[in-house]
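S.K.: kindly return the folded structure for what I paste below:
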Amino acid sequence: MFSVSNISLHIGGKDILNDASFIINQKDRIGLTGKNGAGKSTLLNIIAGFRKPDQGQITIPEGRTVGYLPQEMKLSSDKTIYDETLTAFAEVIRLEKEIEELNQYIIESPDFHSDEYLKKIYDLHEKTDRFNYLDGYKKESQVEKVLKGLGFTEEDFKRSVSEFSGGWQMRVELAKLLLTKPDLLLLDEPTNHLDIESILWVEDFFINYSGAIVMVSHDRMFLDNITQRTIEIVLGNIHDYNLSYSKYLEAREERLETQIATFKNQQKFIDQQEKFITRFKAKSSKAKQVQSKMKMLDKLDRVEIDETDKSSIKFRFPPAPRSGHVVVDIQDLSKSYDEKLILKNISFKILRGEKVAFVGKNGEGKTTLSKIIAGIEAFHGEMIIGHNVNLGYYAQIQENTLTDNLTVYETIDHEATDEWRNVSKIRGLLGSFLFRDDDVHKKVKILSGGEKSRLALAKLLLKPYNLLILDEPTNHLDISAKTILKKALMNYDGTLIIVSHDRDFLQGLIAKTYEFKDHQVREHLGDINDFLQKHKVESFRDFEFSKTDKSKSQVQSKDQTNEISNKEKYLLKKEYDKEIKKIQRSIEKCEKSIHQLEHEIKEIVTVMQSPDFYTETEKTIFITRKHDQLNNELQKVMEEWEKWNNELVEKNAIIN
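M.R.: Below is the predicted model:
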């Protein structure tokens, strides 16, 4: 149990955090939410120990570990992807070397009865136990599994980390973090640099993770699928809901409605009492009643309405001028960077009014084709932009489209048409995107990622575009801003091409998906959920299993073409069914133990939260020890449960 107690932080006269307190339990899945700038990343930094609060403390139980993935970082390493990821097993590698040295000593020792020999035997036993606990013999297969799950190929394993972009380097850091298996994972926008396939793999990993997770994410579907608790930061205050994100939104609205109704009723009651006091305070016959009502009002517990941050962007795209029927016509288009082939002989058409998504793994050419259509990249083949098409382009990395030394106001002023060349109009537009007062004089280079995203969106409103190409427009937007952008795009009457990995954002927005894979582009009719349902089983389950699985190799060796006859499949399935039932019984037994232990721990935590808990020393010591004992037992059962589940997955993979 990790504890955040009375944390406060004030910056420039602003309350970033105000007396924040909450507890993180062993298997908690917590979504940390709030507006951009509310203090989410700051709170993660404080819990991770990288920032000191003005007051309060973070309590981390002895022996427990914390892992932290920041939103942005630069990995400096000359190692290969594989070797860099392997550094997550630093302790395992050290133990491996020490065990080898101890074995060598024991083999060569001339005296089997000396104290030194017996000590080495004891050390070997201790280190071997620790090595086995850390699954040291599986480190290579675990590295391969996690790297593949995050989108790396076996060819990538041998390449230097420095060859990859910042987004891919962040994946290496995430891989290392997952392999260290800390008791508490702190994640700041973990999906920002992942494609849909990797997000689905990470989602499954987090659902089955044995430790606690606190994450900041603007991916609503990702939060809903993983978290069961939501902590909201509003104007420095903490609101803790034991609910997933979508249910939290409903509960928050219900709570505010109840508060407002209760507040109004109380104000009506107070008003009635004050009128009585004012009317009769001069009459001696009513003095006793007046005094009684005055005392009652003094003691009244006044209802307060929670402060909420209601600031949000407000905009809609201008009407799109009519274009030709065919907006983009691509025939036999290819693209390479030096020797690296990206796209090969692709052909398709996008028609007027269509809203389509480009999806697929990172590096498959989605951004490249977006730039080609926008006229930024050269290519081979044929591409025709249709009649009267006026194209607006939103780049994935805003540094490439915004000028650092310009202010927010100058950025818009330089792009403005005659219609917009008016101070009040420009200020009104910027105000709609939350750039108010002195914010308009900020230099672009000091803006946050979210502010740059909002500024780039504001630029798109200066002209009436009838083709919008948006490359990952939601990466730095909070959920509120994404909702407003989605609504504006749904009402947009032009043609839309959007590159995104945000499933919730795409759902209901697009009606056609173009999948980028193996240098080709394949068209899928239907929304993003239709696409995922078609591909989830065939494309995503492969990540779960290592090619080195011995049992699978035995099955495959029966036939070099890897095709097993129906009879062989039947016999093999029958053999494994017995083993699977045994594993399932073990899983059920573990789950019953987990449920019982979690119930006992919950009861003890309730006792520990009592105000007088620490006044009885003997009772405090006994209950604290019992709490630690139950947590240790729960940890062991969870590890056993995870082991059986992994074995079940492997057995199912073999027969399927």
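
S.K.: okay, strands next: where are they in the stretch 401-550 of the chain?
M.R.: 467-471, 495-499, 512-517, 520-525 (DSSP state E, counting those that start in this stretch).

S.K.: so for residue 271, what's the pLDDT?
M.R.: As predicted, residue 271 sits at a pLDDT of 89.

S.K.: revised request: answer the last question for residue 520.
M.R.: So, for residue 520, pLDDT stands at 95.

S.K.: could you pull out the buried residues of stretch 252-265?
M.R.: residue 252 (16 or more other Cβ atoms under 10 Å). (Each C-beta comes from the backbone N, C-alpha and C, glycine too.)

S.K.: what average pLDDT does that stretch get?
M.R.: Rounded mean pLDDT across stretch 252-265 is 83.

S.K.: ok now that stretch, how far from the chain's centre?
M.R.: Offset of stretch 252-265 from its chain centre (Cα atoms, centre = their mean, to the nearest Å): 31 Å.

S.K.: SS state for residue 359?
M.R.: strand (DSSP: H, G, I helix; E, B strand; the rest coil).

S.K.: typo on my end, it should be residue 599
M.R.: helix.

S.K.: so for residue 81, which of the strands of the stretch 401-550 of the chain sits nearest?
M.R.: Nearest to residue 81, of all those, is strand 512-517, at 21.2 Å by Cβ to Cβ.

S.K.: in the closest one, which residues are buried?
M.R.: 512, 513, 514, 515, 516.

S.K.: how about TSV for those residues, with pLDDT and distance to residue 387 added?
M.R.: Shown next, in TSV, are the buried residues of strand 512-517 (pLDDT from 0 to 100; distance: Cβ to Cβ, whole Å):
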residue	pLDDT	distance to residue 387
512	93	21
513	92	26
514	94	22
515	91	28
516	92	27
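
S.K.: would JSON lines of those with distance to residue 256 be doable?
M.R.: JSON lines is the format used below for the buried residues of strand 512-517 (distance: Cβ to Cβ, whole Å):
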{"residue": "512", "distance to residue 256": "39"}
{"residue": "513", "distance to residue 256": "38"}
{"residue": "514", "distance to residue 256": "42"}
{"residue": "515", "distance to residue 256": "42"}
{"residue": "516", "distance to residue 256": "43"}
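
S.K.: greatest separation within those: which pair is it?
M.R.: 512 and 516 (13.8 Å).

S.K.: which residues of this structure score low on pLDDT?
M.R.: Within the chain, the ranges that satisfy pLDDT under 70 run 74, 306-312, 398-400, 534-577, 609-618, 620, 649-656.

S.K.: can you list the domains in it?
M.R.: Domain ranges of the chain: 1-65+182-265, 75-180, 326-541, 550-655, per automatic domain parsing.

S.K.: relative to residue 320, which of those is closest?
M.R.: domain 326-541 (3.2 Å).

S.K.: how would you label the closest residue to residue 475 other than its chain neighbours: helix, strand or coil?
M.R.: Counting by Cβ to Cβ, 6 or more residues apart in numbering, residue 192 is the residue found nearest to residue 475 once chain neighbours are left out, at 5.5 Å. Using three-state DSSP, the structure places residue 192 in coil.

S.K.: neighbours of residue 509, how many?
M.R.: 21 (other Cβ atoms under 10 Å).

S.K.: next one: phi and psi at it?
M.R.: Taking degrees, to the nearest 10, you get phi -100, psi -40 for the backbone angles of residue 509.

S.K.: just checking, it touches residue 500?
M.R.: No. Here residue 509 does not reach residue 500: they are 9.0 Å apart, not a contact under Cβ atoms under 8 Å.

S.K.: that older thread, and the buried residues of strand 512-517, which is closest to residue 159?
M.R.: residue 516 (20.9 Å).

S.K.: need the contact list for the closest one.
M.R.: Contact analysis of residue 516 by Cβ atoms under 8 Å, 6 or more residues apart in numbering lists 358, 359, 360, 361, 364, 365, 366, 369.

S.K.: can you put those residues in CSV and add neighbour count and distance to residue 85?
M.R.: Listed next are the contacts of residue 516 as CSV, based on neighbours: other Cβ atoms under 10 Å; distance: Cβ to Cβ, whole Å:
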residue, neighbour count, distance to residue 85
358, 22, 29
359, 27, 26
360, 22, 23
361, 19, 18
364, 21, 22
365, 23, 26
366, 27, 25
369, 27, 30
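
S.K.: now the helices for the stretch 251-400 of the chain?
M.R.: For the stretch 251-400 of the chain, the helices defined by DSSP state H, counting those that start in this stretch occupy 287-299, 366-373.

S.K.: my guess is residue 59 contacts residue 3. True?
M.R.: Yes. The criterion here is Cβ under 8 Å, and residue 59 meets it with residue 3 at 3.9 Å.

S.K.: between those two, tell me which one has more neighbours.
M.R.: residue 3 (13 against 10).

S.K.: I'd like the distance between residue 213 and residue 184.
M.R.: 8 Å (Cβ to Cβ, to the nearest Å).

S.K.: just residue 432 next, same as before
M.R.: 40 Å.

S.K.: now swap in residue 587 and tell me
M.R.: For residue 587, the distance to residue 184 - Cβ to Cβ - is 25 Å.

S.K.: now do the strands in the stretch 251-400 of the chain.
M.R.: 326-337, 340-351, 355-360, 380-385, 391-394.

S.K.: nearest to residue 28, out of the ones you listed?
M.R.: That would be strand 355-360 among the strands of the stretch 251-400 of the chain, by Cβ to Cβ, at 31.6 Å.

S.K.: and that closest one, which strands flank it?
M.R.: Paired neighbours of strand 355-360 in the sheet (DSSP bridges): strand 495-499 (parallel), strand 512-517 (parallel).

S.K.: hey, where'd the helices end up in the stretch 101-250 of the chain?
M.R.: Using DSSP H, counting those that start in this stretch, helices in the stretch 101-250 of the chain cover 115-133, 139-149, 154-157, 166-180, 196-207, 220-226, 245-280.

S.K.: okay, the ones you listed in TSV with distance to residue 648 next?
M.R.: Output for these, formatted as TSV (distance: least, Cβ to Cβ, whole Å):
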stretch	distance to residue 648
helix 115-133	21
helix 139-149	16
helix 154-157	26
helix 166-180	20
helix 196-207	14
helix 220-226	21
helix 245-280	29
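
S.K.: residue 627: which of those is closest?
M.R.: helix 115-133 (22.6 Å).

S.K.: show residues contacting the closest one.
M.R.: 92, 95, 96, 98, 99, 102, 103, 105, 106, 109, 111, 137.

S.K.: filter those to the buried ones?
M.R.: For the contacts of helix 115-133, buried by 16+ other Cβ under 10 Å: 92, 95, 96, 98, 99, 102.

S.K.: element containing the fifth one, please.
M.R.: Using DSSP states H and E, residue 99 sits in helix 90-108.

S.K.: look up the closest residue to residue 211, ignoring the ones flanking it.
M.R.: Residue 211 sits nearest to residue 183 (Cβ to Cβ, 6+ apart), 4.7 Å away.

S.K.: hmm, the one you found is touching residue 214, no?
M.R.: No. Using Cβ under 8 Å, residue 183 is not in contact with residue 214, being 11.8 Å away.

S.K.: and these two? Which one has more around it.
M.R.: Using other Cβ under 10 Å as the criterion, residue 183 and residue 214 rank with residue 214 on top: 28 against 18.

S.K.: you'd agree the more buried one is up against residue 188?
M.R.: No. The pair residue 214 / residue 188 is not scored as a contact, 9.7 Å apart, by Cβ under 8 Å.

S.K.: what do these two both touch?
M.R.: By Cβ under 8 Å, 6+ apart, the residues touching both residue 214 and residue 188 are residue 44.

S.K.: what residues does residue 402 make contact with?
M.R.: Applying Cβ under 8 Å, 6+ apart, the residues near residue 402 are 411, 444, 452, 455, 456.

S.K.: run the last query once more with 6 Å
M.R.: Shown in contact with residue 402 (Cβ atoms under 6 Å, 6 or more residues apart in numbering): residue 444.
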